[in-house]
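J.: kindly return the folded structure for what I paste below:
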Amino acid sequence: MYFSPTEKEKEVLREQGYMYNNSWTLLYETRLSLHEHGKTPEDILWVGSPSWGWMTWEEFEAIASRITDQYTNDVADDFVIVGDGWWFMRMTEMEGHQWWQLITPPVKPSEHKTGNILSRWVMNDILVTMEKINPSPEEKEIEKQKEEKYWEDRRKREEKQWQ
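T.: Below is the predicted model:
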């Protein structure tokens, strides 16, 4: 996965639950993801699924230390590792490869606004944001001017066509 350990290193990794039958484990992948995001097992509140139930980190460790890398892509889609103000969830590519993704709640904006939240009003856009759905007065004026110019140009073309 990330490096090729010596036989002595493999023995230590097996004792720690990071290798099983000479393959990396889900526990290794999970600990690596925790480390990459500055988290530790002590930061974890619970592990499991909101619709199924929960287990402790220690119970998860015992299970994850036996799941080798050939099966880490088979973790349930709704399985999460939850901390205070964050959680890890499994993300999956179209090819089936899974990894842990750190999710944190978004920061509340300082500006309070109300408006339309339905994207159907914005056509031909791949990413529809609240800003596109609810343009500022300046953006509305620019769009209005563009539309007026379009109709004026169209009127001129049609007049020229009929002359």
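J.: next helix or strand past the helix or strand T30 falls within?
T.: T30 belongs to helix 26-36 when assigned by DSSP states H and E. Sequence order places strand 44-49 as the next helix or strand after helix 26-36, per DSSP H and E.
J.: give the contact list for P105.
T.: G85 (C-beta atoms under 8 Å, 6 or more residues apart in numbering). For the C-beta atoms, the positions are set from N, CA and C on the backbone; glycine is no exception.
J.: nope, L102 is what I was after
T.: Applying C-beta under 8 Å, 6+ apart, we find L102 in contact with S33, H37, K39, W86, W87, F88.
J.: and if you look at V47?
T.: Taking C-beta under 8 Å, 6+ apart, we find V47 in contact with W54, M55, T56, W57, E59, F60, F79, V80, I81, V82.
J.: quick check, the fourth one in contact with I44.
T.: Yes. Shown here, W57 and I44 form a contact pair, counting by C-beta atoms under 8 Å, at 4.8 Å.
J.: between its first and last residues, how far does stretch 29-43 reach?
T.: This stretch, stretch 29-43, spans 17 Å end to end (C-alpha to C-alpha, to the nearest Å).
J.: that one - what's its average pLDDT?
T.: The average pLDDT within stretch 29-43 is 90.
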